[in-house]
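S.K.: Whatever this is, show me its structure:
(2 chains)
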Amino acid sequence: MKNTLLIAMREFKERIGARSFILFSVLGPLLVLGLVYALFALGGQTKQHWNVLIADHGGLFENKIMAGEDKSVTYFFADGVIELDEFKDAKKYQKFDAMLEVNEKVLTNKTGFLFYRNKPSTRMQTRVQYHYERRLEEVLVERFTDMTLTKFRSIKQPIGVTFSDINDPDGEANDMTGWAGFFFGALIFLFIFLFGMTILRSVSREKSNRIVEVLLASVSPNQLMMGKIFGIGFAAFVQFFIWILIIGTGLYLMREHLFPDVLDAANMNVKQMILDANDTSYQEQFYAAREYNEFVNLVYDRIQFTNTLIFFFLFFVAGYFFYGAIFAAIGATMGSESDGQQFVIPIVIVLCLSLYAGYYTMNYPDTGMATLLHYIPFTSPVVVMVKLYQGYEPGHMYEIYLALIILIISAFVVLAIASRLYRNGILQFGHRVRLKHIFKWMKSS
Amino acid sequence: MNTILEIRNISKSFFKKTALDNVSLSVQKGEILGIMGPNGAGKTTLIRIINRIVAPDSGSVRFDGDLMVDRDLFHIGYLPEERGLYRNMTVEKHAMFLARLRGMSKLDAQTKIAYWFDRFDIDPWRKKRIEELSKGMAQKVQFICTVLHEPKLLILDEPFSGFDPVNVELIKKELIIMKSKGKTIMLSTHNMKSVEEICDRAVLINDAQKVAEGSISELREERKSGHYSVRFRGNMISFVNALWTGFELVDKKELGDDRYEVLLAMRGESTFDDLLSVLIGQVKIEAAWETLPSMQDVFIDLVQPEKTSEA
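M.R.: Coordinates of the predicted model:
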């Protein structure tokens, strides 16, 4: 045990002393924070401005459209017919971001066409569609009814239908939270892959520089392998802790200093916006606010950090041991470093499949396949994270513990097999790895 | 009890290859034992079994009278043939790490590190990374890491391979000092000159089996060919004439200034005394002695007996 600890401490000190460790510890969370900041900033920004040319050669809109208070879109009316190629290439049209085609057919088929140069944001699409709709309403009311526009608008009752899960009527879990779960699952796999590769490299380096035989004269192969997995795992944990610290502090600072107004609950009251019928652009605001606030709301309110961190930690540790043992066994059995790279490919494929499993679960959470992937130790760390955010059915929380127990048992089994491979393979140098050797090593005690 | 290590009927196979076949030997306290054998004979496997790195298929190893256990490894210092160091660790940290693995306390390790670093003149390098050291310096560090915990038994696998001549002499000197302090040393080497110089006994392993064991003088004595050497001053023709039919000139070497060294074989019933009597008066004899085979000859004779007999 003492020797395992000595090996672990050496590995740990070597990792945390490495420049790459420090860089990844600081740059990684800063990158995440940067992304969050960008999403906040983009979500809240209103500066994007579009010039839209309306090609209304039939004169349906009579050169009128109300953009109202909205400063983000300016409309221009074109004279005559404009061919698409002409709009695309002609110099005089280059100042327009998009061309909105209006013709008589829209009265019957209710379909408009807009040709853009750069894809508009969802919010911009909503805005233009809204303005188009409003102007069309005016035309329709004028042509086909005796009502005043005010009367028509008082009758018209746009309704927002909220789709809610019967098990989650408050909408705690949705696609966005599924993505949050996926993010945490992917984070587990990122750490497992990075530190798994560190284990592999460390084992292969000890083999190639031949220090391993000196070590094996003092410690058993099992102690050496476990010391390595523990030491590198502890470094991973420290790095993860630094990530949490930096991201946590960053989110706090953003809330307090950078986005205090938009994060204010009073500014996020979507229901109030729906009720406010006098607000002429309520639909557009509703849409944008919902889109924007969901992310903010997700980050600050819906992610249950305490709960997440406990399960993240448990699945991270168990998953790390499960995959770490495989990486250590690969490192020990290979004859040369290039051999090892070759053997890493299947494990990378498995890791990618695990990520896909998480994505699959996000989209089809209640299928048999998702349930299966939830329990398979190769995929469970990421799938469980997604499921955790999508929400387990009431009384089904045992599923998460069952997945955890399966993962822990599998980790022990893999560690036992890896230990045999490690013991038998660690002193084999320069050989070609053959499957029959691996099977024989697995069988021998 | 004078035996520190006793190996009984050890056998070991890897897949279909037999690495050791029923090998037994013993190592006496305070001796330097040479393990000789061609490449692939099984020397390293034997050493790994003693160090409990590899488990034997059958047989036993006894250390200080008892069946060997992991704890006994604290009393063994092992310098493998394929030895390495962590290149990015400092010399001091590396030595400390290995000393601690060998069961030393931190304080004890610090004292010993200071002593050995001073003795091998590497104190100025203690804070340097291993990768910054010259090869010779790194070799010294490797040796120090092996002896730091003052083991009762030192096992060195090819200790002189890769070492420069200066370091070879340094290591030899240290081994002799350690022996004088009662330590036991077991070394596997291809350097037969070193075996002759520092080993008390030798064991020869060939093709997974022990083929010879004994003191260096015994091994050489057993394989002597009845050749004698004479160093003299005088005329070579007079010397050859004096030999007449009783002796055969096998080889000669001119040393300059009318001095020669010749190798002779006896014919018939001729003896060393007869040789001296025919030569006295013909040439001025400076020295004459019975020529024993070198350990190199013993080695080749044991490993390739058919070739030497053909020759």
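S.K.: Can you classify the residue of chain A most remote from its centre by secondary structure?
M.R.: For chain A, the residue at maximal distance from the C-alpha centroid (C-alpha atoms, centre = their mean) is residue A:146, at 52.3 Å. Classification of residue A:146 by DSSP: H, G, I helix; E, B strand; the rest coil places it in coil.
S.K.: Could you check the pLDDT of residue A:265?
M.R.: For residue A:265, the model assigns a pLDDT of 44.
S.K.: In which helix or strand does the residue of the stretch 251-400 of chain A found nearest chain B reside?
M.R.: With distances taken as C-beta to the nearest C-beta, the stretch 251-400 of chain A approaches chain B most closely at residue A:332, which sits 13.5 Å away. Just so you know, the C-beta spots here come from the backbone N, C-alpha and C atoms, and that holds for glycine as well. Applying DSSP states H and E as the criterion places residue A:332 in helix A:305-333.
S.K.: Am I right that residue B:26 is in a helix?
M.R.: No. Residue B:26: not assigned to a helix; according to three-state DSSP it is strand.
S.K.: Kindly provide the distance from it to chain A.
M.R.: 21 Å (C-beta to the nearest C-beta, to the nearest Å).
S.K.: repeat for residue B:182
M.R.: Using C-beta to the nearest C-beta, we find residue B:182 at a distance of 22 Å from chain A.
S.K.: which SSE is that residue in?
M.R.: Residue B:182 belongs to no helix or strand, assigned by DSSP H and E.
S.K.: Measure how buried it is and give me the count.
M.R.: For residue B:182, the count of nearby residues is 9 (other C-beta atoms under 10 Å in any protein chain shown).
S.K.: Run through the residues that contact it.
M.R.: B:29-30 (C-beta atoms under 8 Å, 6 or more residues apart in numbering or on different chains).
S.K.: Now residue B:286: which helix or strand?
M.R.: Per DSSP H and E: residue B:286 is located in strand B:284-291.
S.K.: Parallel or antiparallel, list what pairs with that strand.
M.R.: strand B:227-233 (antiparallel) (DSSP bridges).
S.K.: Give me the distance between residue A:230 and chain B.
M.R.: 15 Å.
S.K.: quick one: contacts for that residue?
M.R.: By C-beta under 8 Å, 6+ apart, residue A:230 lies in contact with A:4, A:8, A:11.
S.K.: So what's the gap between the helix or strand hosting it and the chain middle?
M.R.: For residue A:230, the element it lies in under DSSP H and E is helix A:221-253. Distance, stretch centre to chain centre, for helix A:221-253: 21 Å (C-alpha atoms, centre = their mean, to the nearest Å).
S.K.: May I see the buried residues of it?
M.R.: For helix A:221-253, burial by neighbour count (16 or more other C-beta atoms under 10 Å in any protein chain shown) applies to A:221-237, A:239-240, A:242-243, A:246-247, A:250-251.
S.K.: And the pLDDT at the residue of the stretch 201-311 of chain B found nearest chain A?
M.R.: Distances between the stretch 201-311 of chain B and chain A by C-beta to the nearest C-beta are smallest at residue B:208, namely 17.7 Å. Per-residue pLDDT puts residue B:208 at 88.
S.K.: Next one: the closest residue in space to it that isn't next to it in sequence from chain A, what distance?
M.R.: Using C-beta to C-beta, 6 or more residues apart in numbering or on different chains and skipping residues adjacent in sequence, the residue nearest residue B:208 is residue B:21, 4.3 Å away. According to C-beta to the nearest C-beta, residue B:21 and chain A sit 19 Å apart.
S.K.: Could you tell me which strands the helix or strand encompassing residue B:21 is paired with, and in which direction each runs?
M.R.: Per DSSP H and E, residue B:21 falls inside strand B:17-28. In the sheet, strand B:17-28 lines up against strand B:3-14 (antiparallel) (DSSP bridges).
S.K.: Could you list the residues of chain B in contact with chain A?
M.R.: Contact residues, chain B versus chain A (C-beta under 8 Å from any C-beta of the partner chain): B:15, B:48, B:51-54, B:70, B:73, B:76, B:78-80, B:82-89, B:97-98, B:100-102, B:145.
S.K.: out of those, which are buried?
M.R.: Buried by 16+ other C-beta under 10 Å: B:48, B:51-54, B:73, B:76, B:78-80, B:82-86, B:89, B:97-98, B:100-102, B:145, out of the residues of chain B next to chain A.
S.K.: So which of those residues belong to helices?
M.R.: If you go by DSSP state H, those have B:48, B:97-98, B:100-101, B:145 in helices.
S.K.: Looking at these, spot the one nearest chain A.
M.R.: Once C-beta to the nearest C-beta is applied, the member of those that ends up nearest chain A is residue B:101, at 4.0 Å.
S.K.: Looks like that closest one contacts residue A:3 (just checking).
M.R.: Yes. Look at residue B:101 against residue A:3 with C-beta atoms under 8 Å: they come within range, at 5.8 Å.
S.K.: Could you tell me which residues touch both of the two?
M.R.: A:218-219.
S.K.: show me the contacts for residue A:8.
M.R.: Per C-beta under 8 Å, 6+ apart, neighbours of residue A:8: A:226-228, A:230-231, A:234.
S.K.: hmm, 6 Å instead?
M.R.: Going by C-beta atoms under 6 Å, 6 or more residues apart in numbering or on different chains, residue A:8 touches A:227, A:230-231.
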